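>>> How does the following fold in three dimensions:
(2 chains)
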Amino acid sequence: QKEVEQDPGPLSVPEGAIVSLNCTYSNSAFQYFMWYRQYSRKGPELLMYTYSSGNKEDGRFTAQVDKSSKYISLFIRDSQPSDSATYLCAMSALMGNDMRFGAGTRLTVKP
Amino acid sequence: ETGVTQTPRHLVMGMTNKKSLKCEQHLGHNAMYWYKQSAKKPLELMFVYSLEERVENNSVPSRFSPECPNSSHLFLHLHTLQPEDSALYLCASSQDAAYEQFFGPGTRLTVL
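Just a heads-up that it's a prediction; the model follows:
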């Protein structure tokens, strides 16, 4: 079993749709949960960060962590063509040195 | 230059060649990382340097050799690579072992 599972997609939605991206994991020691966004020909950049369980909202983006189910989600409301990118979930137990990434989900938002 | 830069952006090499990838960070960070990104696979952490000392080596084959001469520069020396080593190699930096890592644009490596 992979430590972090993420459906690579691709996922295509119309502009304005609500997007749901998910990851599951197997290591119960993970307590830092991140979502990175990677545009084509660029490196990943941090989008959202959550510590332990709970929700976090930032504008159109909401990150959710359910440690009991080992499941994390990223919701994008009112999706825009500029949201088209690959979204990678990442998590760690000790901050940084042991970060594990998902395979990334490629999202296309069509105008 | 700002952020994290990587050179070259593209590299094609034969299996017997020796080449080096260069990364430079302009953010004043004290930790640097090498990652390998292959299509439809998770980003793989290869090496971690903190305060110029290697603190993590995730069972990477010896044909990959990192070097961190100072806190701003990181190299990945390559020799006798295999075709399966073809991938995007990403460098990142952070302040301490932080969850927020700043990535460069990567070097697209093709091994023939």
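>>> So residue B:51 sits against residue B:68, correct?
No: the pair residue B:51 and residue B:68 fails to qualify as a contact (Cβ atoms under 8 Å) at a distance of 9.4 Å. C-betas here are computed from N, CA, C, even on glycine.
>>> Same drill for these two, tell me which one is more crowded.
For residue B:51 versus residue B:68, neighbours defined as other Cβ atoms under 10 Å in any protein chain shown are more numerous around residue B:68 (21 against 10).
>>> now the more buried one, what's its secondary structure?
Classification of residue B:68 by DSSP: H, G, I helix; E, B strand; the rest coil places it in strand.
>>> Near chain B, which residues of chain A are found?
Selection of chain A residues close to chain B by Cβ under 8 Å from any Cβ of the partner chain yields A:2, A:4, A:6, A:8, A:32, A:34, A:41-46, A:49, A:88, A:90, A:92, A:94-104.
>>> 6 Å instead, please
A:8, A:32, A:34, A:42-44, A:46, A:49, A:95-97, A:101-103 (Cβ under 6 Å from any Cβ of the partner chain).
>>> Redo these as TSV? Include distance to residue B:98, pLDDT and neighbour count.
Shown next, in TSV, are the residues of chain A next to chain B (distance: Cβ to Cβ, whole Å; pLDDT from 0 to 100; neighbours: other Cβ atoms under 10 Å in any protein chain shown):
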residue	distance to residue B:98	pLDDT	neighbour count
A:8	27	82	15
A:32	10	92	20
A:34	10	95	23
A:42	20	93	14
A:43	16	94	22
A:44	14	96	27
A:46	10	94	17
A:49	10	90	17
A:95	6	68	16
A:96	5	64	23
A:97	10	71	18
A:101	15	93	24
A:102	19	94	28
A:103	23	94	23
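>>> OK, contacts around the residue positioned nearest the centre of chain B?
Nearest to the mean C-alpha position of chain B, counting by Cα atoms, centre = their mean, stands residue B:34 at 3.2 Å. Residues near residue B:34 by Cβ atoms under 6 Å, 6 or more residues apart in numbering or on different chains: B:46, B:47, B:76.
>>> Give me the pLDDT for residue A:69.
Model confidence at residue A:69, given as pLDDT, is 94.
>>> If the residue nearest to it when sequence neighbours are not counted is in a bridge, with which residues?
In this structure, residue A:69 finds its nearest non-sequential neighbour in residue A:24, 7.9 Å apart by Cβ to Cβ, 6 or more residues apart in numbering or on different chains. For residue A:24, the beta-bridge assignment (DSSP bridges) gives partners residue A:5, residue A:71.
>>> tally of neighbours for residue A:24?
Around residue A:24 there are 18 residues (other Cβ under 10 Å).
>>> how about it, what does it touch?
Residues near residue A:24 by Cβ under 6 Å, 6+ apart: A:5, A:70, A:71.
>>> does chain A sit close to the lowest-mean-pLDDT helix or strand in chain B?
When each helix and strand of chain B is scored by mean pLDDT, DSSP states H and E, strand B:53-57 comes last, with a mean of 79. Yes: Strand B:53-57 reaches chain A (Cβ under 6 Å from any Cβ) through residue B:56.
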